[in-house]
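Participant: Sequence plus predicted model, see below.
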Amino acid sequence: MSCLPLPVAEPSAAPSRPARPWWARVEPVRHAGRVPAQSTAFELGRALAGTRPPAVQASLASAVGATLAHDVQALCPVPHYASSAMDGYAVRGPGPWRVVTGDTAVHDAASTASLELAPGQAVPVVTGGVIPAGCDTVIRDEYALLTGDELRFDESCPHSELEGRHVRPAGTECQGGESILATGTLLSPADVAFAAVAGVDDVPVVPAPAVRFLLTGSEVQSAGVPAPGFVRDAFSPSLPPILVGLGARVDTDSVRRLPDDAEAFSSALHRAVADRVPLVITTGGTARSRADHVRAHLERHATPIIDELDLQPGHPTLFAACGTGTAVLALPGNPLAAMTALTLLAVPFLRGMLGRPSPTPLRVTVAHEIRGGRRERLVPAFQHADGAWSPCRDIGANMLRGLSRAEALLCVPVEGLAAGARTDALALPGRSSVAELVL
């Protein structure tokens, strides 16, 4: 019995290897403590950033709140010319001086740019005006005595006025070509103002990652006083502005309210993954009962990266990866638990996506003894006038009153804290007094 020869593949027809998923380099963790959970969320964000456009150009007017994708260099020195810090007279030599008048100088802010003073000459200047070549110093108007075209010192004038005073040399803030804003900078109004005076018109920024919210719960009402068995929606008005404040983009159709229906959730998540939405945030359905369809779906159709937290509140949180460019942060349905998990995981994730450094907790002192628990607790807390911190009241997983007063989340270890002990505190997004220090 003869056999047909096996076909010989052409050298160029080598079988292609399946592409590795974008999260392949991130090590999944189960029952994650606070520090490994934050670190893993940060690395997941960095991994997802590799699937997105690295930078877009943004005008300075639209760049506040964006993150720089690359260093920005000054296009000119700042200031770009030597200028006067006072209204008065630019002079050369010890005086008295003859004031240059007539066609030689039109006395406005830029008129002295081409003028060179001879010894014994003076020219009027205004604040911000160009210092002429040869100028030694600027005599302030209040110390100047002008008789005809002769300028002398007033008797009250200090001799220090002849020591190069009131002249702002070119390039004292930066030189042309110097890096003035670093990669990863969260651009403030002051940053874009500095870029403007350095001649910059637009800057390279990291595209703001889009977020879509899938908020589950047939019992949730969006307005009015709920009847028994129903609850008001605490997430629609609070989560979008928090994410915008963290550098994400939330569009007008980003918030989807869903009933407790597995098919409805599956369909909404499938659309988000097909749209390659970078971050999907869900609320509710993350425990392990038969009714918790969010967790069940993600365990079947996604890859859990952070599967539950070894913390209270927020223990059943799930952070998963799926598709070619989507991460799903599944938050518990209890409001405080959800806000805690969001603070712990969304902040480092988005910083990783935006190319910013991982957040650093604030070290604080507690005002009095705080009991421990079965797990590390993240407790809404406020700062006293003396700088010490105390937990807020009303801090159950389903409560919001304590959170509304809180400035940060106090990290309480299993063994608790003695009065005067030091511990970490996590900034709550939206609380600028603390967030500016640690975010």
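Facilitator: All right, it came through fine.

Participant: Compute the number of surrounding residues for the closest residue to residue 222 other than its chain neighbours.
Facilitator: Counting by C-beta to C-beta, 6 or more residues apart in numbering, residue 222 lies nearest to residue 233, which is 4.9 Å off, once chain neighbours are set aside. Using the backbone N, CA and C atoms, a C-beta is placed for each residue, glycine as well. By other C-beta atoms under 10 Å, the residues close to residue 233 number 17.

Participant: what about residue 233, distance to residue 284?
Facilitator: 11 Å (C-beta to C-beta, to the nearest Å).

Participant: pLDDT at the residue nearest to residue 222, what is it?
Facilitator: Here, the pLDDT recorded for residue 233 equals 78.

Participant: Give me the common contacts of residue 233 and residue 284.
Facilitator: Jointly contacting residue 233 and residue 284 under the rule C-beta atoms under 8 Å, 6 or more residues apart in numbering are residue 215.

Participant: What are the boundaries of the helices in the stretch 101-250 of the chain?
Facilitator: Assigned by DSSP state H, counting those that start in this stretch, the helices in the stretch 101-250 of the chain fall at 189-197, 239-245.

Participant: what about stretch 232-245, start to end distance?
Facilitator: Using C-alpha to C-alpha, to the nearest Å, the end-to-end distance of stretch 232-245 comes out at 23 Å.

Participant: do stretch 356-363 as well
Facilitator: End-to-end distance for stretch 356-363: 21 Å, by C-alpha to C-alpha.

Participant: Name the residues that touch that stretch?
Facilitator: Residues from elsewhere that reach stretch 356-363, judged by C-beta under 8 Å, 6+ apart: 38-39, 42, 67, 184, 186, 247, 347-348, 351-352, 408, 411, 422-427, 434, 437-439.

Participant: Also stretch 57-64?
Facilitator: 66, 187-189, 191-192, 195-196, 200-205.

Participant: what do you get if the cut-off is 7 Å, keeping everything else the same?
Facilitator: 66, 187-189, 192, 195-196, 200-205 (C-beta atoms under 7 Å, 6 or more residues apart in numbering).

Participant: Now do the helix or strand hosting residue 37: which elements does it pack against?
Facilitator: Take DSSP states H and E as the rule and residue 37 turns out to sit in helix 34-49. For helix 34-49, the packing partners by 3 or more C-beta pairs under 7 Å, 6 or more residues apart in numbering; DSSP states H and E come out as strand 29-32, strand 303-309, strand 318-322, helix 335-354.

Participant: Next, format these as TSV and append distance to residue 118, mean neighbour count and mean pLDDT.
Facilitator: TSV is the format used below for the helices and strands packed on helix 34-49 (distance: least, C-beta to C-beta, whole Å; neighbours: other C-beta atoms under 10 Å; pLDDT from 0 to 100):
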stretch	distance to residue 118	mean neighbour count	mean pLDDT
strand 29-32	76	17	96
strand 303-309	75	22	96
strand 318-322	74	24	97
helix 335-354	57	26	94
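
Participant: Can you get me the centre-to-centre distance for the strand or helix carrying residue 404 and its chain?
Facilitator: Using DSSP H and E, residue 404 sits in helix 401-405. Centroid displacement of helix 401-405 relative to its chain, using C-alpha atoms, centre = their mean, to the nearest Å, is 24 Å.
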